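Student: Predicted coordinates and the sequence they were generated for:
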Amino acid sequence: MLIDSHCHLDRLDLTLHDNSLDAALHAARQRGVGHFLCIGVSAENTAAVKALAQRYDDVDCSVGVHPLDLEPGAEPAMDWLLQELDAPGVVAIGETGLDYHYEPEAAELQQQSFRLHLDAARISGKPVIVHTRAARADTLALLREASLPQAGVLHCFTEDWDMAKSALDLGFYISLSGIVTFRNADALRDVARRVPADRLLVETDSPYLAPIPYRGKPNLPQYVREVAEYLADLRGVGFEVLAAQTTDNFKRLFPLARVKN
């Protein structure tokens, strides 16, 4: 069994499946995907991801506010986060983090929100899902400052081995997406070869970042199989071995997820 550890089911382009999410999930299940983690990115989509977790037995969700979804004066409140984290089907907090690639001018606002999410993770005990881009030093500094007792994950990882190693040393997992299949992703492939087998996850981040040979098209949860097959070949292990290991890792990181054995 495979698990898509990071997807945005409420944002999928469902054209390929006659605009049916049921059909899209069925197609993924037919390819061996047995569970999906649907990610919250804003206060506005929290209800949608929670509803999907209630609708499907093989979907869990997270809640949080993406660094690029922050608005000055409308930052998430701790009371709101903790209330949402307590809802059925919510197994993680995020995605949160820092993204200076698109909004370097919002660094201070992003850091405040990231700290809030990390504090909520400590209070709730739930793992945190971290988005980081062009903010390596500050991301690691805030993770070290938080010193969470539970693990978390750097999702859709795109940095180099030095950052991966630093995150691993802090107890975090590394999740790889279709980006690892891209032609210009040599540094990421180096990371993919070196991440310990017990700290690796796979994801689509759908509808974004479809793997080769679907690059440029809308991504779908069923394509997590392409990511896993590519990684298995890259790491020199059988597909079944990688699928089993990443599934075990997901269950260890997200113990509240309703993954069927």
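Tutor: Thanks, I have it.

Student: following the longest helix that the chain contains, which helix or strand comes up?
Tutor: The longest helix of the chain (DSSP state H) is helix 107-124. Going down the chain from helix 107-124, the next helix or strand is strand 128-133, by DSSP states H and E.

Student: And for that next one, what's in contact with it?
Tutor: 6, 39, 62, 64, 66-67, 92-102, 117-118, 121, 139, 143, 148, 152-156, 158-159, 172 (Cβ atoms under 8 Å, 6 or more residues apart in numbering). (Each C-beta comes from the backbone N, C-alpha and C, glycine too.)

Student: avg pLDDT for the helix or strand following that strand?
Tutor: Downstream of strand 128-133, the next assigned helix or strand under DSSP H and E is helix 136-146. Within the predicted structure, the mean pLDDT of helix 136-146 is 97.

Student: hey, where'd the strands end up in the protein?
Tutor: For the chain, strands defined by DSSP state E occupy the ranges 2-7, 33-38, 59-63, 90-99, 128-133, 153-154, 173-176, 200-202.

Student: rewinding a little: tell me the buried residues within the contacts of strand 128-133.
Tutor: Listed as buried from the contacts of strand 128-133 are 6, 39, 62, 64, 66-67, 92-100, 117-118, 121, 139, 143, 148, 152-156, 158-159, 172; burial here means 16 or more other Cβ atoms under 10 Å.

Student: hmm, back to that, in CSV: the strands of the chain, plus mean pLDDT and distance to residue 49.
Tutor: Shown next, in CSV, are these (pLDDT from 0 to 100; distance: least, Cβ to Cβ, whole Å):
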stretch, mean pLDDT, distance to residue 49
strand 2-7, 98, 10
strand 33-38, 98, 5
strand 59-63, 98, 4
strand 90-99, 97, 8
strand 128-133, 97, 12
strand 153-154, 98, 17
strand 173-176, 98, 18
strand 200-202, 98, 18
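
Student: closest one to residue 260 among these?
Tutor: strand 33-38 (6.6 Å; Cβ to Cβ).

Student: Flag the shaky bits of the stretch 101-250 of the chain, pLDDT-wise.
Tutor: Within the stretch 101-250 of the chain, no stretch has pLDDT under 70.
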